[in-house]
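>>> Give me coordinates for this.
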Amino acid sequence: MDFEKNTFFLLLSGMPKNISSLSLRRSYRRIWDKMGVLDGFVIKVLMICLILHSANGFYLPGSYPHRYLIGDYLSVKVNSLTSIDTEMPFSYYSLPFCKPQEGVKDSRENLGEILMGDRIENSPYKFPMHKNQTEIFLCRSPPLSTEDFNLLKKRIDEMYQVNLILDNLPAIRYTKKDDFLLHWTGYPVGVRVQDVYYMFNHLKFTVLVHKYEETNVARVMGTGDAAEVIPPITKEESDVPGYMVVGFEVVPCSFQHDLEVVKNLKMYDKYPAAINCDPATVANVVKEGQPLVFSYEVSFVESDIKWPSRWDAYLKMEGAKVHWFSILNSLMVIAFLAGIVFVILLRTVRRDLTKYEELDKEAQAQMNEELSGWKLVVGDVFRAPTNSKLLCVLIGDGVQILGMAVVTILFAALGFMSPASRGTLITGMLFFYLVLGIAAGYVAVRLWRTIGCGDFSGWVSVSWRVACFFPGIVFLVLTTLNFLLWGSHSTGAIPISLFVILLLLWFCISVPLTLIGGYFGAKAPHIEYPVRTNQIPREIPAQKYPPWLLVLGAGTLPFGTLFIELFFIMSSIWMGRVYYVFGFLFIVLILLVVVCAEVSLVLTYMHLCVEDWKWWWKSFFASGSVALYIFLYSINYLVFDLKSLNGPVSITLYLGYSFLMVLAIMLVTGTIGFLSSFWFVHYLFSSVKLD
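Numbers count the residues shown, from 1 in each chain. From the prediction side, this is the model:
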């Protein structure tokens, strides 16, 4: 009870401190005083309501607004240069940009940011809060060498973007096209006009600020039986206006500076002439042997945007109707398949079983001679499949990836992995994958014991293969792609130190957990088959059509469930768009699971009806064949949507990452199909009482 009370007041202390919150706090304190008559369940429900009420937007606890006083300096950071033409990020300072006086320093990055190719560094762009500045000289670069000149032209041709960050907000740029206002993150390095290269060397910043509101209310933190009171802000401090950054806009301009005028200027000096920033015209021609001059201006605008809503400009939902259409389309597919499953289970199967059970023994014996269809394979339906160990490994890896996807998407949909926290999505996926190794080992070894009718010999080998199969393929592909990125000097290349860390995570966390899961799977009772298997396998009759043709065609139904959402995901990965509709994605994932289960179940029943008892692998690939269509879609996306993607390295990167995505989807969907078919076959033949 003391723990619940402390947690209760801890939630109160983290709520927004405004007038409405103050009244709510007093109300909640009166509620707590009355809690003596409530049981523990009601208390927990109220605490959950408090958590939901105190959750503001999608920000995690600890992500709080930074209060800047007037005159406090704001520092702009720079991220890697990116382009949708090459998909290879490069360091900002690989081009002849101005460097800060204190030297280039890397910001601390998490594992996900490094894997995504982010390299966040400091920049010379600094300006005081709420003080407009114009014509600020930044620097004059040395004369461009032949190497720098050619590299700059190449980056302009490849449409590289400069990515700036202020108070964790990416710089946003607005353009107007056909009465539509488009927003982009970052700005282009330069532009090419009739074989002449121009560079954007003057930046016009607009910083949207919102006044920081702090009421004079003391916050109480419950600690045991005592309470620690955080002193309120004094009147002198509250009189000093503070501001929060709620928007960061940039307008790039190409302005031709007077090289003679800037000879004696130092960084942050006032440029002696007026700078007309017109984004519609370009004037700064890039020439070999001539220096580049950079300048900027900044203006502050007070905005009504609240701090929790400052990411709305980046996360404006596009295609909401399309998402709903995709979900409705999937529901129609599910309803169609569910009708078929209903007919199979409740009409055909149950009717046959009921009729069979009503007969006496003599009639049953006579009926056994007249059986047809799936009833004839009762002695072979649970015969061990070929390459059974590989099947167990694939199912184990599929369970691990499926669990990672469900937990990650659920956490992202609840707001714990928002785009405001860079790299958390990749980091969370890696963490959940490592932890769920125990589930992979357990499922794979228990399935291995079931196929072996209780024999647990070889469970260590199965566990090792589960721990190394999918991660080994990923490691091999990433190593190959990494050599290409290293050769291109891209920041997307994984450093050697990170490779060592990933290997340690693999062999020190994932492998041991998988072995532990395998141990528990070996100790757990195996699933007993409801019927005995004959020693001599039954001959499968000749089929009118190739059995695998129907299996490959079955993948079209799961593909129809997810292909619309797949377009948004591909656009997010390869077109630089922010993907954040994880609620839709979670719904699509649930629908995909249902469709895969139904498709595999129906296909398995159809094969059993034609006396084809080799259903194990077919049930896996019936739903897993959706990966084939996703791979074909990725090729289509490369040809028609990424037309500008050029260079063998860029195409190899795309194909390599697409292969990993397709492999993961095949394991997930195949696992869903196999497990549903296994349950169906076990249920079906458990009702048949044949000797």
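>>> which residues sit against stretch 450-460?
384-385, 388-389, 392, 445, 448-449, 515, 518-519, 521-522, 526-527, 529 (Cβ atoms under 8 Å, 6 or more residues apart in numbering). C-beta here means a position set from N, CA and C on the backbone, and glycine is covered the same way.
>>> Show me what the mean pLDDT comes to for that stretch.
Per-region confidence: stretch 450-460 scores 85 on mean pLDDT.
>>> which SSE is residue 207 in?
Per DSSP states H and E: residue 207 is located in strand 202-211.
>>> What pairs with that strand, parallel or antiparallel?
Paired strands of strand 202-211, with direction, are strand 242-253 (antiparallel), strand 293-302 (parallel) (DSSP bridges).
>>> The last one: which residues count as buried?
What that stands for is strand 293-302. Buried residues in strand 293-302, counted by 16 or more other Cβ atoms under 10 Å: 293-298, 300.
>>> secondary structure element for residue 657?
Assigned by DSSP H and E, residue 657 falls in helix 648-686.
>>> List the buried residues of that helix.
649-650, 653-654, 657-658, 661-678, 680-682, 684-685.
>>> Please compute how far it lies from its chain's middle.
18 Å (Cα atoms, centre = their mean, to the nearest Å).
>>> go on, stretch 462-472?
Offset of stretch 462-472 from its chain centre (Cα atoms, centre = their mean): 23 Å.
>>> neighbouring contacts of it?
Counting by Cβ under 8 Å, 6+ apart, 389, 392-394, 396-397, 400-401, 437, 440-441, 444-445, 448, 506, 510-511, 514-515, 517-519, 663-664, 667 sit against stretch 462-472.
>>> Give me the buried entries from the residues you listed.
When those are checked for burial by 16+ other Cβ under 10 Å, the buried set is 392-394, 396-397, 400-401, 437, 440-441, 444-445, 448, 506, 510-511, 514-515, 517-519, 663-664, 667.
>>> Of those, which belong to helices?
Counting by DSSP state H, the buried ones among the contacts of stretch 462-472 place 392-394, 396-397, 400-401, 437, 440-441, 444-445, 448, 511, 514-515, 517-519, 663-664, 667 in helices.
>>> in the chain, which ranges drop under the pLDDT threshold?
1-64, 214-240, 316-326, 329, 344-373, 688-691 (pLDDT under 70).
>>> give me every residue that touches the residue positioned nearest the centre of the chain.
Closest residue to the average C-alpha location of the chain: residue 425 at 5.2 Å, with Cα atoms, centre = their mean. Taking Cβ under 8 Å, 6+ apart as the contact definition, residue 425 lies against 112, 408, 412, 417.
>>> Same check on residue 126?
So residue 126 contacts 73-76, 268 (Cβ under 8 Å, 6+ apart).
>>> want to try a markdown table for those residues, with secondary structure, neighbour count and distance to residue 573 as columns?
As requested, the contacts of residue 126 are arranged in a markdown table below (DSSP: H, G, I helix; E, B strand; the rest coil; neighbours: other Cβ atoms under 10 Å; distance: Cβ to Cβ, whole Å):
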| residue | secondary structure | neighbour count | distance to residue 573 |
| --- | --- | --- | --- |
| 73 | strand | 10 | 36 |
| 74 | strand | 21 | 31 |
| 75 | strand | 14 | 30 |
| 76 | strand | 22 | 26 |
| 268 | coil | 15 | 39 |
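>>> Out of the strands paired with strand 202-211, which gets nearest to residue 87?
Minimum separation from residue 87 across these (Cβ to Cβ) falls at strand 242-253, 22.3 Å.
>>> Which residue ranges of the stretch 301-450 of the chain form helices?
Assigned by DSSP state H, counting those that start in this stretch, the helices in the stretch 301-450 of the chain fall at 320-342, 350-357, 361-369, 388-413, 424-435, 437-451.
>>> Please work out how many residues are found near the closest residue to residue 164 other than its chain neighbours.
In this structure, residue 164 finds its nearest non-sequential neighbour in residue 171, 3.9 Å apart by Cβ to Cβ, 6 or more residues apart in numbering. When neighbours are defined as other Cβ atoms under 10 Å, residue 171 has 26 of them.
>>> try residue 135
The burial count for residue 135: 15, using other Cβ under 10 Å.
>>> So it lies in a strand, does it not?
Yes - under DSSP: H, G, I helix; E, B strand; the rest coil, residue 135 falls within a strand.
>>> ok, it touching residue 274?
Yes - using Cβ atoms under 8 Å, residue 135 makes contact with residue 274 at a distance of 6.7 Å.
>>> How far away from the center of its chain is stretch 594-605?
How far stretch 594-605 lies from its chain's middle: 27 Å, per Cα atoms, centre = their mean.
>>> List the contacts of that stretch.
Here stretch 594-605 makes contact (Cβ under 8 Å, 6+ apart) with 330, 333-334, 337-338, 340-341, 344, 374, 550-551, 554, 557-558, 561, 615, 618-620, 622-623, 626, 669, 672-677, 680-681.
>>> Quick check: ChimeraX command selecting the buried ones in the residues you listed.
Selection of buried members from these for ChimeraX, criterion 16+ other Cβ under 10 Å:
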select :330,333,334,337,341,344,374,551,554,557,558,561,615,618,619,620,622,623,626,669,672,673,674,675,676,677,680,681
